[in-house]
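Participant: no sequence on this one, just coordinates:
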């Protein structure tokens, strides 16, 4: 497998770690999940998705995080 194949479980895990490290250096705590999507006929292979709680690629503002935490409590 190629090192830049981000759809494999290994590649998705590396991408998850890179995203988390990037935002942690900037003072943000983002939630990243890896989701096994199973076999995709168009790709002729299995796929692993990287999903997060970010909006448009940016961490949610602190007041949004706090309000969602209050709603769930």
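Facilitator: Arrived safely, thanks for sending. This one's a predicted model, so the numbers in the text were calculated from it and none came from an experiment. Residues are numbered from 1 along each chain as shown.

Participant: I figured residue 54 hits residue 30, correct?
Facilitator: Yes. If you go by Cβ atoms under 8 Å, residue 54 and residue 30 touch, sitting 5.7 Å apart. Where C-beta positions appear, they are placed from N, C-alpha and C, glycine not excepted.

Participant: now the helices for the protein?
Facilitator: 9-25, 62-72 (DSSP state H).

Participant: Flag whichever of the ones you listed has the least confidence on average.
Facilitator: Sorting these by mean pLDDT places helix 62-72 lowest, at a mean of 52.

Participant: Buried residues, stretch 19-31. List them.
Facilitator: Residues 19, 20, 23, 28, 30 are the ones in stretch 19-31 that count as buried (16 or more other Cβ atoms under 10 Å).

Participant: partner residues bridging residue 36?
Facilitator: residue 48 (DSSP bridges).

Participant: And for residue 19, nearest residue in space, chain neighbours not counted?
Facilitator: residue 32 (5.8 Å; Cβ to Cβ, 6 or more residues apart in numbering).

Participant: so how far is residue 34 from residue 58?
Facilitator: 20 Å (Cβ to Cβ, to the nearest Å).
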